[in-house]
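*Asks:* Provided below are the primary sequence and the corresponding predicted coordinates.
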Amino acid sequence: MANPNDNSGPDEISQVYRASRSTLIAAFVFSCLVNILMLTGPLFMLQVYDRVLSSGSVPTLVALIAIVAVLYAYYGFLEFLRARLMVRLGRRVEETLRGRVFDAVTAHALRRTPGVGSQPLNDLATIRQYLSGQGPFAFFDMPWMPFYLAIIFGMHWILGTASVAAALTIFGLAIWSERATRGPLQEATKSTVKAAIMTDEARRNSEALHSLGMAGTMRARWMSVHQTALDHQTIANDAGGMLGAVSRVLRLFIQSGILALGAYLAIKHEISSGSMIAASIIMSRALAPVEQAVANWQQFLGFRKARERLVQSLRIVPRDRSLMKLPEPQGRLNVENLTVMLPGVEKPLLQSLSFSVEPGEGIGVIGPTGAGKSTLARALVGITLPTRGHIRLDGATLEQRDPDELGAMIGYLPQDVQLFDGNAAQNISRFRSDANPDAIVAAAKLANVHDFIMRLPDGYNTQLGENGARLSTGQRQRLALARALYGDPKLMVLDEPNSALDAEGEAALDFAIRQAMGRGAAVVVIAHRPSALAAIPKMLVLSDGKAAAMGPRDEIMRKVMVRPTTQQGNVERLNAPSQQNEANGS
């Protein structure tokens, strides 16, 4: 498997730039022509003052106007072309990376990376918007400053020296602007991301907020974080706005100063009056890219930070590899010396765990809260990566199969049931475009939800809302069970599958487990309530991440489910029913 921490080689955004080399070259060439055509105005002014006015020739003036009209039209066309090219570049960046960014968002969610959330998607949008805007043109035009200054030097060395001094002053303002806004913008970004995460948490836990009287407290916390972001953003905007205003005022003053200096030289008969006007216009054009860069500096800093964050987000997500298609598995599951650890945590969540499940067999996993049961479930379906050891399906590790193909072979019912905003049929069929209606109905009947679905307003076409909002907790769990059963998967992993089921639902669950084993699937059931394990012939007891016992179900149930305590002589239920799901980190 690719090393997710491998930072070698160019980042993916740079690779898109390289693939778009022809677009960038064309935009640069058009920028060169645009900057040459920007001399049209000064040269026209020079000719009018030095030739037309002195000669009084109207035909010369008409000819000059005609030439200027053509050149300006060509200038406008080239401006349109280079803007169009940059819009296409921004679009290409988003189209190339959006799939990877979506994978990064989901991968960070699986890893529970703090402070990420949907930020990679926002960063990609920021990059596209900047590339499609006016900001990049400042960097295309800035290399032409020496060219313009050289022309002014050609008019008179004093004008050239004054222009260089003015350009250095403007550059100094740009550097000052970057340093003044860097810190506040970084803090504003951090607080904005934190506020967005808190917003999402509040939305997902809205029932707890309102029923437990937490809404006011959480609102105050959110407003405090949001206010911090607003304060830092205001500081950055004030600093950038002030420096932008100073830059514009200085540029206007410099333009007038160059005009005054040119007038003085014209009075001394060292330059012509046309050169005086032309030098002022050319100087204004030479400073325009710097002023544009200062005006768009915050957008550039936002673009740069978004790019850095996105590069880091993408680097931990392995790229798609070309994997040889393996034969469809029969359902033989082997767990070999499995150890799972969290980065920076010395104690393993699972340690040296080994067991096997043959096709048509099942194993029940029990143990106290925090024993590692849910961690095992996530590892079996490829969500949590082993630190050591292997999980094999028909001899091949999970990493040897394409993730989407592997997912189609697995039926997974997590503790925290998650449905999607779609209709009932789409949720059962896992949103497959080639879903077989007969297979959808068959899975629903196995989970005993067919009759319930038919009673919905539009049957299988009923929109369920976000996370199945229209359904009860038990209905969501049974619909998720139907999704796990869809397509006759070869490996079934059910984590607390009866936590929200009534007697009818538990009977349907027992029937579904027996049917899955009857068709040759390997079934792993993790449960607190023993009723979910009635059909399971073999059991594994987890304790503190290790296998405490394993063997036939009846024998294990007699040994570990009830035992006398040493101090009080009463009965301690090692695996009593719990009203609370196992913690996510268990």
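*Replies:* Ah, there it is.

*Asks:* quick one: least confident helix or strand in this protein?
*Replies:* strand 571-573 (a mean of 36; mean pLDDT, DSSP states H and E).

*Asks:* residue ranges for the helices of the stretch 201-350 of the chain, please.
*Replies:* 206-211, 215-267, 273-295, 297-315 (DSSP state H, counting those that start in this stretch).

*Asks:* For the ones you listed, please prepare JSON lines with the additional fields distance to residue 92.
*Replies:* Glycine gets a C-beta too; all of them are placed from N, C-alpha and C. JSON lines is the format used below for these (distance: least, Cβ to Cβ, whole Å):
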{"stretch": "helix 206-211", "distance to residue 92": "39"}
{"stretch": "helix 215-267", "distance to residue 92": "29"}
{"stretch": "helix 273-295", "distance to residue 92": "24"}
{"stretch": "helix 297-315", "distance to residue 92": "15"}
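
*Asks:* so can I have JSON lines of those showing mean neighbour count?
*Replies:* Listed next are the helices of the stretch 201-350 of the chain as JSON lines, based on neighbours: other Cβ atoms under 10 Å:
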{"stretch": "helix 206-211", "mean neighbour count": "12"}
{"stretch": "helix 215-267", "mean neighbour count": "16"}
{"stretch": "helix 273-295", "mean neighbour count": "23"}
{"stretch": "helix 297-315", "mean neighbour count": "19"}
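
*Asks:* closest to residue 369 out of those?
*Replies:* helix 206-211 (19.9 Å; Cβ to Cβ).

*Asks:* Out of the helices of the stretch 201-350 of the chain, flag the one nearest residue 509.
*Replies:* Here helix 206-211 is closest among those (Cβ to Cβ), at 25.7 Å.

*Asks:* what about stretch 305-325, start to end distance?
*Replies:* End-to-end distance of stretch 305-325: 40 Å, with Cα to Cα, to the nearest Å as the criterion.

*Asks:* from the chain's centre, how far out does that stretch sit?
*Replies:* Here stretch 305-325 shows a centroid-to-chain-centroid distance of 10 Å under the convention Cα atoms, centre = their mean, to the nearest Å.

*Asks:* same check, this time on stretch 45-55
*Replies:* The answer for stretch 45-55 is 60 Å, by Cα atoms, centre = their mean.

*Asks:* For it, give the mean pLDDT please.
*Replies:* Average pLDDT, stretch 45-55: 82.

*Asks:* Could you export it as PDB, CA atoms only?
*Replies:* Extracted in PDB, the C-alpha atoms of stretch 45-55 (Å, rounded to 0.1, in the frame of the first residue of the first chain):
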ATOM      1  CA  MET A  45       0.400  61.200 -27.000                       C
ATOM      2  CA  LEU A  46       4.100  61.600 -27.900                       C
ATOM      3  CA  GLN A  47       3.200  61.800 -31.600                       C
ATOM      4  CA  VAL A  48       0.300  64.200 -31.100                       C
ATOM      5  CA  TYR A  49       2.400  66.600 -29.100                       C
ATOM      6  CA  ASP A  50       5.600  66.400 -31.100                       C
ATOM      7  CA  ARG A  51       4.300  66.000 -34.600                       C
ATOM      8  CA  VAL A  52       0.600  66.800 -35.000                       C
ATOM      9  CA  LEU A  53       0.500  69.900 -33.000                       C
ATOM     10  CA  SER A  54       3.800  71.200 -34.400                       C
ATOM     11  CA  SER A  55       2.900  70.500 -38.000                       C
END
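
*Asks:* coming back round to it: tell me which of the helices of the stretch 201-350 of the chain sits nearest to residue 427.
*Replies:* That would be helix 206-211 among these, by Cβ to Cβ, at 21.3 Å.

*Asks:* So for residue 531, which of the helices of the stretch 201-350 of the chain sits nearest?
*Replies:* Nearest of the helices of the stretch 201-350 of the chain (Cβ to Cβ): helix 206-211, 27.4 Å.

*Asks:* related to what we said a few turns ago, output the helices of the stretch 201-350 of the chain as CSV; include the columns distance to residue 174 and mean pLDDT.
*Replies:* CSV is the format used below for the helices of the stretch 201-350 of the chain (distance: least, Cβ to Cβ, whole Å; pLDDT from 0 to 100):
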stretch, distance to residue 174, mean pLDDT
helix 206-211, 46, 71
helix 215-267, 8, 82
helix 273-295, 5, 79
helix 297-315, 7, 84
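
*Asks:* Quick check: which of these is nearest to residue 552?
*Replies:* helix 206-211 (41.6 Å).

*Asks:* Which of the helices of the stretch 201-350 of the chain sits closest to residue 69?
*Replies:* helix 273-295 (18.0 Å).
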